[in-house]
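[1] Below are the sequence and a predicted model; questions follow.
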Amino acid sequence: MRLKRLVAAAVIAVSIVTCKEENPEKEYQKELAEIVEEEKIYEFGFDLKEYEFKRDTIRKGDTFGIILERNNIGYPQIYQIAEKAKDTFDIATKLQVGKPYTLLFPNETLNDSLKKPSTFIYQQNLEDYVVIDFKDSIQAYTRTKPITYIEKTATGVIENNISETLEQKGLSQVLAYKMADDIYAWTIDFRRLQPGDRFKVIYTDKYINDTIYAGVHDVRAAYFEHNGDSLYAFQFQTDSIKGIKDYFNEEAKNLRRAFLKMPVKFGRLSSRYNLKRRIAYYGYKLRPHKGTDFAASVGTPIMATANGTVVESTRRGGNGKYVKIRHNATYSTQYLHMSRQAVKKGQFVKQGDIIGYVGMTGNTGGPHVCYRFWKNGKQVDPFKQKLPEAEPISDSLKVRYLDYIKPIKQRLDNIFFLEADSNKTENSITEDPIS
């Protein structure tokens with residue numbers, strides 16, 4: 001009997017020891033579960049675990065008032081919210097069909113039919129959003145999602161054209177546009193590339209919240225072999241106040257001209273400057289055309305062809321809506337028939353800035369921009385002018401520029417060309433991204 005009691009006691013003791021040994025693990029698991037449970041889910045600066053939320057997109061006929069009314073907010077409050085918010089974002093007029101929005105509802109034990117939102121979040125694009133918070137007091141502000149820049153390198157050998165080469169490698173066509181329009185517009189005719197031409201490029205891709213790919217951000221440097229020439233290009237900021245960046249070669253010569261060849265990226269030359277033009281519709285009477293027309297679809301961005309100051313942004317007669325820019329004492333340019341302008345009188349614009357959008361205002365038979373070029377107060381044909389080169393890099397900056405490009409050029413030179421059918425790219429995170 002005594003033996004049985006000793007065995008029973010031993011079993012109980014072992015059980016107690018075992019339980020004590022298991023308890024720390026169980027406690028750890030419990031604490032871990034509580035940590036996971038308490039983990040916050042942040043979006044738009046809010047912990048979404050503290051709210052119920054609805055996601056939707058702006059539909060045809062939707063207004064800010066209609067959306068809030070559908071969600072139990074009365075018009076007196078809607079009016080107050082819109083009035084308070086309009087200095088930050090005119091919510092009454094700027095909502096666009098197809099854009100996403102989110103409504104946040106406080107976690108309350110109410111029937112769905114009685115719940116009211118406390119916050120309206122409107123996403124203007126992938127990066128920027130507007131928050132209108134009316135939980136206690138009315139606040140409106142804009143924010144930008146966290147952006148990460150990843151620096152990459154790529155190479156390519158031309159077989160037919162650059163677009164095909166980029167497509168085979170799974171690379172963005174934006175690289176083609178940047179090289180053709182921004183970097184080598186005056187040194188390489190990309191319509192006449194030859195098989196065997198090849199390039200290397202260092203560029204940055206943009207990601208939102210580390211996961212959403214937002215396209216090519218910028219090209220830091222490039223190298224192109226064309227017709228036996230080796231053409232380097234390095235981006236360098238020449239004016240920090242105005243934020244002006246240009247591309248220069250290894251000898252600090254500016255690759256850009258003072259003017260772009262055309263004010264639209266995606267368009268075609270449809271009518272040239274012609275002082276002897278006759279039109280059948282007008283009985284073949286002489287009707288000089290002092291502009292150069294570029295056909296493009298309505299809404300296509302129109303770019304300033306050179307740096308300058310907007311001297312007119314208005315609507316007048318057959319010109320329709322237009323913008324005129326004074327570039328210096330010699331040159332001015334004018335852009336007619338816009339659907340809308342994007343700049344105001346007195347505003348400084350840089351070459352390539354969007355100043356308006358293609359439309360059909362004024363006297364026009366189809367969507368296009370009529371590009372007018374003024375030299376010493378007289379309208380001339382821009383394609384027949386010996387246009388000045390862009391401003392050279394200053395002597396005070398030249399030494400700094402040459403020091404700046406040394407490691408970049410060395411990196412370019414150490415990138416080896418891959419076979420034409422390879423799609424390999426080299427990636428690295430940029431510590432100091434170009435912005």
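    In hand now; what should we look at? Numbering: from 1, shown residues only.
[2] can I assume residue 83 sits in a helix?
    Yes - looking at residue 83 with DSSP: H, G, I helix; E, B strand; the rest coil, it is inside a helix.
[3] What is the neighbour count of it?
    Counted with other C-beta atoms under 10 Å, the neighbours of residue 83 add up to 11. C-beta: built from backbone N, CA, C; applies to glycine.
[4] so what's it up against?
    Residues in contact with residue 83 (C-beta atoms under 8 Å, 6 or more residues apart in numbering): none are found.
[5] what about it, distance to residue 72?
    20 Å (C-beta to C-beta, to the nearest Å).
[6] With residue 393 instead?
    62 Å.
[7] export stretch 326-335 as CSV, just CAs?
    Output in CSV follows, covering the C-alpha atoms of stretch 326-335 (Å, rounded to 0.1, in the frame of the first residue of the first chain):
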residue,chain,number,x,y,z
ARG,A,326,8.3,84.0,-74.1
HIS,A,327,11.7,82.1,-74.0
ASN,A,328,14.0,85.1,-74.4
ALA,A,329,14.3,88.3,-76.3
THR,A,330,14.5,86.4,-79.6
TYR,A,331,12.1,83.5,-79.4
SER,A,332,8.5,82.9,-78.4
THR,A,333,6.2,79.9,-79.0
GLN,A,334,2.4,79.5,-79.2
TYR,A,335,0.2,76.4,-78.8
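[8] Can you show me the helices along the stretch 251-400 of the chain?
    395-413 (DSSP state H, counting those that start in this stretch).
[9] Could I get the buried residue list for stretch 106-116?
    By 16 or more other C-beta atoms under 10 Å, the buried positions in stretch 106-116 come out as 115-116.
[10] What are the neighbouring residues in contact with the nearest residue to residue 356 once chain neighbours are set aside?
    In space, and not counting its chain neighbours, residue 356 is closest to residue 338: 4.0 Å by C-beta to C-beta, 6 or more residues apart in numbering. Contacts for residue 338 (C-beta under 8 Å, 6+ apart) come out as 302, 320-323, 356-359, 361, 369.
[11] Which single one of these is nearest to residue 56?
    residue 357 (27.6 Å; C-beta to C-beta).
[12] Quick check, the closest one in contact with residue 343.
    No - counting by C-beta atoms under 8 Å, residue 357 does not reach residue 343; the two are 11.4 Å apart.
[13] Residue 393 and residue 72: which has the busier surroundings?
    Shown here are residue 393 and residue 72; by other C-beta under 10 Å, residue 393 has more neighbours (18 against 14).
[14] Would you check how far apart the residue nearest to the more buried one when sequence neighbours are not counted and residue 243 are?
    Sequence neighbours aside, residue 252 is the residue nearest to residue 393 in space, at 5.0 Å (criterion: C-beta to C-beta, 6+ apart). Residue 252 sits 20 Å away from residue 243, going by C-beta to C-beta.
[15] Just want to know which of these two has more residues nearby.
    Neighbours were counted for residue 252 and for residue 243 using other C-beta under 10 Å; residue 252 has more, 18 against 10.
[16] Return the residues in contact with the more buried one.
    Here residue 252 is in contact with 392-393, 398, 401-402 (criterion: C-beta under 8 Å, 6+ apart).
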